[in-house]
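> next come a sequence and a model predicted from it.
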Amino acid sequence: MDPYKARCALSRLLLMNGPRLGILGRRQPEIHGTDTLADIEGRVAEEVTETRLEIEAFQHDGEAEMLRAIQADHDTACAIINPAALTTAGWGLGAVGHRLPARALPEKAAGR
C-alpha cells in the first residue's frame, strides 16, 4: 500500500457527472465537441497525478443517485461535481453542495 494512503484516509477524489454527460462526444458534437466523458476523466487523472489521489469517476442521470454517492463517500478528500442539467432543477444537490469543504486545488490542477 502507498505510504501516503496509509497515513491519510482521505485519499480519493470523486469526479461526479450529472445527467446526459454520459453521451458527450456523440450528442450535438457541433455544440459540445467530440471529447467523451472518458477523455475528460483521463485529463483530470493526469492533472492530479502528483497529489496521489485515487480518482473515483462516475456519471448518473438522476439527482438521487448523485446524492447517494456523496453520502456514501463522505470521507473523500474532495469532489469535482459537474451537475449538468441539475443546476437548474436539482434542489438536493444545491442543499448538500454548500456542505462540501472548499479546498484549494494544487497549482497544477488549478491551471497555474
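Thanks, I have the structure now. Numbers count the residues shown, from 1 in each chain.

> lowest-confidence helix or strand of the chain?
helix 3-7 (a mean of 46; mean pLDDT, DSSP states H and E).

> give me the sheet partners of the very next helix or strand once past that helix and which way each runs.
Heading C-terminal from helix 3-7, the first helix or strand you meet, by DSSP states H and E, is strand 12-17. Strand 12-17 has its sheet partners listed here by DSSP bridges as strand 54-59 (parallel), strand 78-82 (parallel).

> average pLDDT across strand 12-17?
Taken as a whole, strand 12-17 carries a mean pLDDT of 88.

> how about residues contacting it?
The contact list for strand 12-17 (CB atoms under 8 Å, 6 or more residues apart in numbering) reads 37, 41, 44, 48, 51, 53-60, 66, 69-70, 73, 76-84. C-beta coordinates here come from the backbone N, C-alpha and C atoms, glycine included.

> same thing but 7 Å
37, 41, 44, 48, 53-59, 66, 69, 73, 76-82, 84 (CB atoms under 7 Å, 6 or more residues apart in numbering).

> pull out the buried members of these.
The neighbour-count test (16 or more other CB atoms under 10 Å) marks 37, 41, 48, 53, 55, 57, 59, 66, 69, 76-79, 81, 84 as buried among these.

> mind telling me which of the strands paired with strand 12-17 the model trusts least?
When the strands paired with strand 12-17 are compared by mean pLDDT, strand 78-82 comes last with a mean of 84.

> perfect, I'm done here.
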